[in-house]
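[1] Predicted coordinates and the sequence they were generated for:
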Amino acid sequence: MDEQRVGTGRNVKAVDEVVGLASDLIRIDTTNTGDPDTLVGEREAAEYVAEKLSDVGYDVTCLESGAKGRGNVIVRLPGADPTRGALLIQGHLDVVPAEAADWTVPPFSGEVKDGYLWGRGAVDMKHMVAMSLAIARQFKRDNVLPRRDLIFAYLADEEAAGFHGAGWLVDHRPDLFEGATEAISEVGGFSITVADDVRAYLIETAEKGLMWLRLRVEGTAGHGSMIQRDNPVAKLAAAVTRLDQHRFPQIVHPAVAEFLSGVTELTGMEFPEDDLDAAVGRLGGISRIIGATLRDTANVTMFNAGYKANVVPSLATAAVDARMLPGREEAMLAELQEVLGPEVQMEWDGLPPVETTFDGALVDRMTRALQAEDPAAHVLPYMVSAGTDAKSFSRLGIRSFGFAPLRLPPDLDFSALFHGVDERVPTDALVFGTRVLLRLLADC
C-alpha cells in the first residue's frame, strides 16, 4: 500500500492533532442524564466538530434531532467508485454523568497525565470521535480519494438509546445515509492481552437488545402504624428481589462461541459449557462483558416509593435495565412477566439486538490495517453486552461493526472504564488507532 496516500509518512497531520481534538471534546461537558431539562453541551460539541470540518472545506450538515440542543453533524467524502456502498463512520458526542468528587482527575478537564488522556468520554466515545475527525480533516486537506464514499456522523443522545439522535435521523433524514451499506463505531477494535505477549483485538459483530422497563405496583394508602395488607412498596420490593435472584438460561451465541474458540486456539484455555461462567471469569477484565453475553440480564437500577415515614403510599415504581440475546426478545419478555408476577405493571422502551457475521472484505481490511501497525495482532469477533447506535442504523440495512482501534497495555482494566470513575485512554493508543483507521479508510 502506498504510504503517502494513506497518510502514514512523516508529514502526518491526523496523528499530530488527535490528542488535542480529544482533549477539547472532553472539556465540553456533554452529560446526557436522559432528562431533557438537565441536558448540556451536545450542541456546543456539535458546533465544535462542525467548525473543524468546515475549516478544511467540507459541506457540513448540522441539525437538531427532534429537540432543542440535540446537535448532530454529518459530512460525506466522495469516493472513487460511487457504485460501491458507502461506509458510515459514526460516533456519539454525549456522555454519561460523572461525580467529580470520585475522580482522581477532574472528569471534564481533558488533562494529559502519566501518558493518559483523562476525562468522561475518553473511552465512551470521544477518543473515536477525535480519531475520525482528525482523519476526515486530513483526507480533505490532502485531497485523498478513498475507494468508496465515507460518511462521517457525529451524533446526539446515544447514552439514552439514541431516540433523539440516530433513531430520529433514521426516521426523518435517511437521505443523509443514502447508499451506506456498512458502518464502524464504538466498543470494538481494542486489544486484550490473553497470554504473555499475545494480543487479541476484538471486533464487535453483535450486541444485545435492550428493554428499559418501568415497573409499577399500586396498593392502598394508609397509616404506617396500622396493619397493612396491600402495601405496594413491599410487593414491588419482593418482585424486584425475585428478579435479582433469577438466572436466565445460558445460551452461547455464535459470536460468543467464535470468541471463545479463538481464545482457546491462542492460549489453550478451555471453556466447558457446564462450567462456562467460571471459565470466562478467568479472562480478566473483559470477563465483565463476555460473561454478560452468556445469558439475558435484568438489573434493577432505580426504586421510588413513599413521601413520609408514617404513611404507606398507594404507589411504588422501579426501573430495570434488561438486555437480551439475539432471538430472545419474546422469550425474555415472557420470563420477566412470570418472575415479576401479575401485580407488577410493566411498560418499556426498547431496541432490538443486532448481529452480523465475521466475514467479508471490510473484516479482511480491518484485520490487515491492525496487523500493519501491530504485526503480532490477532483478531477475534465478539458480542458486546451493551448497545450502540448500530441498533438504529440497522433499520437502514447497514451492517455494523464495533471498530475503534486501540492498542492497550496489558495491565489496564479497560472494560471497567466504560461509564466508570477515572475514565482514561493512553495517548499512544490514540495515535495507534488513528494510524490504523487511516489505513482502513483509505483502503476500504
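    Cool, got the structure.

[2] where along the stretch 251-400 of the chain do the helices fall?
    Taking DSSP state H, counting those that start in this stretch to define them, one finds helices in the stretch 251-400 of the chain at 254-267, 276-281, 287-291, 329-340, 361-373, 390-393.

[3] and the spatially most central residue of the chain, what are its phi and psi?
    Computing the C-alpha centroid of the chain and ranking residues by Cα atoms, centre = their mean puts residue 388 first, at 4.5 Å. When read as degrees, to the nearest 10, the backbone of residue 388 gives phi -140, psi -180.

[4] ok, it - contacts?
    Going by Cβ atoms under 8 Å, 6 or more residues apart in numbering, residue 388 touches 158, 185-187, 207, 400, 402. Yep, even glycine has a C-beta here, placed from its N, CA and C like the rest.

[5] swap the cut-off to 6 Å and go again
    185-186 (Cβ atoms under 6 Å, 6 or more residues apart in numbering).

[6] what helix or strand is the residue nearest to residue 13 when sequence neighbours are not counted on?
    Using Cβ to Cβ, 6 or more residues apart in numbering and skipping the chain neighbours, the partner closest in space to residue 13 is residue 138 (4.6 Å). Secondary structure from DSSP states H and E places residue 138 in helix 126-141.

[7] Which neighbouring elements make contact with the very next helix or strand once past that helix?
    The element immediately downstream of helix 126-141 (helix or strand, assigned by DSSP H and E) is strand 150-155. On a contact count with 3 or more Cβ pairs under 6 Å, 6 or more residues apart in numbering; DSSP states H and E, strand 150-155 meets strand 71-77, strand 86-92.

[8] contacts for strand 150-155?
    Contacts of strand 150-155 (Cβ under 6 Å, 6+ apart): 49, 72-77, 86-93, 132, 136, 165-166, 180.

[9] Packing partners of the very next helix or strand once past it?
    Downstream of strand 150-155, the next assigned helix or strand under DSSP H and E is helix 166-172. Secondary-structure packing of helix 166-172 (3+ Cβ pairs under 6 Å, 6+ apart): helix 390-393.

[10] could you dump the helix it packs on to PDB, C-alpha only?
    This file holds the C-alpha atoms of helix 390-393, laid out as PDB (Å, rounded to 0.1, in the frame of the first residue of the first chain):
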ATOM      1  CA  ALA A 390     -25.900   0.400  15.400                       C
ATOM      2  CA  LYS A 391     -29.400  -0.600  16.500                       C
ATOM      3  CA  SER A 392     -30.900   2.400  14.800                       C
ATOM      4  CA  PHE A 393     -28.800   2.200  11.600                       C
END
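
[11] tell me the mean pLDDT over it?
    Regarding helix 390-393, the rounded mean pLDDT is 97.

[12] Contacts for it, please.
    Contacts for helix 390-393 (Cβ under 6 Å, 6+ apart): 162, 166-167, 170, 183, 351, 354, 400.

[13] And stretch 125-144, by the same measure?
    With Cβ under 6 Å, 6+ apart as the criterion, stretch 125-144 contacts 7, 13-14, 17-18, 21-22, 25-26, 52, 56-58, 77, 89, 91, 152, 186, 404, 425, 430, 433-434, 437-438.

[14] Show me the residues you listed that map onto helices.
    Secondary structure from DSSP state H places 14, 17-18, 21-22, 25-26, 52, 430, 433-434, 437-438 of the contacts of stretch 125-144 in helices.

[15] average model confidence for the helix holding residue 138?
    98.

[16] For that helix, list every residue counted as buried.
    Residues of helix 126-141 classed as buried: 126-140 (neighbour count, 16 or more other Cβ atoms under 10 Å).
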